[in-house]
Structure formats: structure tokens, C-alpha cells
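>>> What follows is a protein structure lacking sequence information:
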């Protein structure tokens, strides 16, 4: 049995896959973080859920893959995670070994793993992926392999600067894609335009109905994403760019708007790569974690 874990800023998703009597069997589950919890309390939540997942399991756990949004050093220690800053300094690699003693554990950046999963699902050997959620994750696959690759850092697409005078990012700079186009950034912009707080459901409905405050907020985010994707495309020339993540998947027409905005940035003789919705929806990173658990090529 293989286990994939997608650690997020607000929740953790789990997927187990194993061989059942009728072929591949899988099970998905989710737990949510408490906003003010300590790293030790977070790890207790993980430990308790893993215990529940495998209570009475008939088959042994043969591999674990973990998608991580935090920045880790080469030894697996957290060096930065703006969404949960208390994790800085945590030896995540050791914590995972303690959580899964005797089991091979592979961890990698969530955006990198998502890109691998999307490339695998679509059959593309060259692909750029961006995931829109609590933050902005991203990954690049060239020649069937992620870049920059193991121990050389992750693809921080969310921290490309698209507006030097833009919003302040969690990283301290201004105008990063994450500050301009993440789910929370879009909701803040919508709230400012509407004059009152906006929930995700209200934004989704407002955008579908053509409300000015919702359309303006979403189009700004899509334009920022398009600028980043076109810029990366000038460097690596992918066969496709993929937009995923739970926030993007939850708003009908979001990816189409990114594609429209990207097409406006094409230059003569250099068409932009097709902008496509993620085949795996908001679960790209989780599926990438499962691939890592199975030992398939990952960062």
C-alpha cells in the first residue's frame, strides 16, 4: 500500500492506494489545521490521522510521498513557510521518519510534485504547472523530469515578481504572483471593490453572474498569472501550461480567463503555449505525492 500526503497551509490531504481484489483501490481523506497550533500539535494531528487510516490494515505500508509547501534545506529542515511560520526550524524529515518507521519516505515541493503528476496524466514531457490556492505553487517538467530537481531547490513560480508596485507578499517583497493572484489575495481585492467581506462562494457566484466587483478581482488575478506563465514560457518553451489548485478549479471560467489574458501577451512569431485546466483538478499535488510514494520519477 502507498500513501500520499499533501500538506497545505490550512489542511492536509491523504490518499492511500493499494491493490484490491478488483484492481487498484484508493481512499481519500482530509484533516484541517488549527490556525494557532504549534508544530508539535500539528504533528500530533498527523499522527492521530495516520493511526486511524491504518488501524487494522491488512496490507503493509510500502511507501510514503509527501508534498510540502514550505521551503526545506537539503536535510529536510524547514527554512521558510509564511503561512505557518512556527514551522521554521522544524526537522520535517526526521518527523516523517518517526511517523513512518521502517517505511521509505520521499518528500518534495508541492508544486514540483503537482507538475510531475499533471505531466504524467496528460502525457506531456514538457509542461509548466501553476496551482492557485491559499498560496501559489508551481513546477516545471522538461524532458519528462522536474527542474531544477533534487537538492537544487524548488520551482518558486509563486514568487515571480509581476508588479514592482504591487501588493506586499508574505515573503516581504511586493508584487509576487502569490500576492496578486492567490485565493486570499483575490478575495481581499473583491472585498475592497465590494465594500464588504467576500466569501469564496460569493466570489464564485458573483463572477458567474458578472458582478463588477467579482469580475474585476478575478481578471486581475488571471492577468498576473498569465504574465508569469508567459514569462516562464519564454525561457523553457513548454508544450502546455496547466492551471490547477482548488481555488482555480472552483471558479468556472477561471482557467479560460488566464488563457485569454495570456493570448494578449503573445508576440509576433511566438505564440504562447496552450493554457489548460489541470486534469487532476485541485488534487495534483496529492497525486504527485502518490507517484513519489511509488518511486516514480519525482524531484
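Arrived safely. Quick caveat: nothing in here was measured; it's all calculated off a predicted structure.

>>> from here on, contacts and neighbour counts on C-alpha atoms
Fine.

>>> what's in contact with the longest helix that the chain contains?
Ranked by number of residues, the top helix in the chain under DSSP state H is helix 212-236. Contact partners of helix 212-236, identified using C-alpha atoms under 8 Å, 6 or more residues apart in numbering, comprise 128, 142, 157, 160, 162, 177, 180-182, 186-187, 189-191, 193-194, 203-204, 206-207, 241, 254-255, 257-259, 261-262, 265-266, 272-273.

>>> Can you pull out the low-pLDDT segments for the stretch 151-299 of the chain?
Within the stretch 151-299 of the chain, the segments meeting pLDDT under 70 span 151-153, 297-299.

>>> Tell me where it has helices.
Remark: helices assigned in the stretch 151-299 of the chain by DSSP state H, counting those that start in this stretch are 177-181, 183-194, 200-209, 212-236, 246-249, 254-263, 284-293.

>>> To residue 46, which of these lies closest?
Closest approach to residue 46 among these (C-alpha to C-alpha): helix 284-293, 15.4 Å.

>>> Show me what the closest one is in contact with.
Residues contacting helix 284-293 (C-alpha under 8 Å, 6+ apart): 2-6, 13-17, 63-67, 104-107, 110-118, 244-245, 278, 280, 297-298.

>>> what sits against residue 143?
125-126.

>>> could you redo the helices of the stretch 151-299 of the chain as TSV and give each row distance to residue 124?
Output for the helices of the stretch 151-299 of the chain, formatted as TSV (distance: least, C-alpha to C-alpha, whole Å):
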stretch	distance to residue 124
helix 177-181	25
helix 183-194	27
helix 200-209	31
helix 212-236	14
helix 246-249	21
helix 254-263	18
helix 284-293	15
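
>>> Determine which of those helices approaches residue 77 most closely.
helix 284-293 (18.6 Å).

>>> What about residue 200, how many residues nearby?
For residue 200, the neighbour count with other C-alpha atoms under 10 Å is 16.

>>> Looking at the helices of the stretch 151-299 of the chain, which is nearest to residue 48?
Each of those has some distance to residue 48 by C-alpha to C-alpha; the shortest is helix 284-293, at 19.4 Å.

>>> Minimum distance to residue 52: which of the helices of the stretch 151-299 of the chain has it?
helix 284-293 (18.8 Å).

>>> Please, where are all the strands along the stretch 1-150 of the chain?
Along the stretch 1-150 of the chain, counting by DSSP state E, counting those that start in this stretch, strands occupy 2-7, 11-20, 23-32, 63-68, 71-72, 78-80, 105-109, 127-132, 136-142, 145-147.

>>> Tell me which of these sits most buried.
strand 127-132 (a mean of 29; mean count of other C-alpha atoms under 10 Å).

>>> Look up the residues forming beta bridges with the residue lying closest to residue 96 once chain neighbours are set aside.
Of all residues not flanking residue 96 in the chain, residue 105 sits nearest, at 7.2 Å (C-alpha to C-alpha, 6 or more residues apart in numbering). Beta-bridge pairing of residue 105 under DSSP bridges involves residue 64.

>>> how much space is there between residue 105 and residue 292?
9 Å (C-alpha to C-alpha, to the nearest Å).

>>> Common neighbours of the two, please.
Common neighbours of residue 105 and residue 292 (C-alpha under 8 Å, 6+ apart) are 64-66.
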